[in-house]
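Asker: no FASTA, just this:
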């Protein structure tokens, strides 16, 4: 698969770090469709259609598509997952109230579009966050499908991205960046 473009989908509940994750990785200015929130969601602006970024890793172009987190825009989930080779579902590690929403998104997408996936537990740089192991237990997932990360850190985001690429391609990607 080296050299062939890959499409990865980044999803998760509102405020999980999807846009930030893509911004941390993208080599180009991220295409965002943020608008002022029309309801109380815990932040002023929200993604209403998608985010798009591009990263080249080990000579492979990786197209990063981010979904809206609000369920009222869930029709975009099906549109954006089309052709994706992998899925990263982000869940804020300091907000267990969002875990059921993240689980719903993961189950919705993987039941309709079976793709390899990882769950990224964001905000690992903060105190009192759930560990990747605790989130794996909550979701009933094998530990290799859950990674801890900080979406604002390019290095941390890259390590999460490498984990999904290893699951997608079956190849080791360590040391390529």
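Answerer: Looks like it came in fine. This one's a predicted model, so the numbers in the text were calculated from it and none came from an experiment.
Asker: From now on I want contacts and neighbour counts done on CA atoms only, so please keep to that.
Answerer: Fine.
Asker: which parts of stretch 59-67 are buried?
Answerer: Along stretch 59-67, the positions that meet the burial threshold by neighbour count (16 or more other Cα atoms under 10 Å) are 61, 62, 63, 64, 65, 66, 67.
Asker: Export the residues you listed as TSV, with columns for distance to residue 77 and pLDDT.
Answerer: Formatted as TSV, the buried residues of stretch 59-67 follow (distance: Cα to Cα, whole Å; pLDDT from 0 to 100):
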residue	distance to residue 77	pLDDT
61	22	91
62	19	90
63	16	93
64	14	95
65	10	91
66	9	90
67	6	88
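Asker: Kindly indicate which of these lies nearest residue 153.
Answerer: Comparing the buried residues of stretch 59-67 against residue 153 with Cα to Cα places residue 64 closest, at 16.2 Å.
Asker: Just give me the neighbour total for residue 166.
Answerer: Using other Cα atoms under 10 Å, residue 166 is surrounded by 14 other residues.
Asker: Go ahead and name everything in contact with the helix or strand harbouring it.
Answerer: If you go by DSSP states H and E, residue 166 is part of helix 154-169. Residues from elsewhere that reach helix 154-169 (Cα atoms under 8 Å, 6 or more residues apart in numbering): 1, 21, 24-25, 85-88, 116-118, 120, 147-151, 171-174.
Asker: Buried ones among these?
Answerer: Of these, these count as buried by 16+ other Cα under 10 Å: 21, 24-25, 85-88, 116-118, 120, 147-151, 173.
Asker: rewinding a little: reformat the buried residues of stretch 59-67 as CSV; add distance to residue 109 and secondary structure.
Answerer: Shown next, in CSV, are the buried residues of stretch 59-67 (distance: Cα to Cα, whole Å; DSSP: H, G, I helix; E, B strand; the rest coil):
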residue, distance to residue 109, secondary structure
61, 23, strand
62, 20, strand
63, 18, strand
64, 16, strand
65, 14, strand
66, 13, strand
67, 11, coil
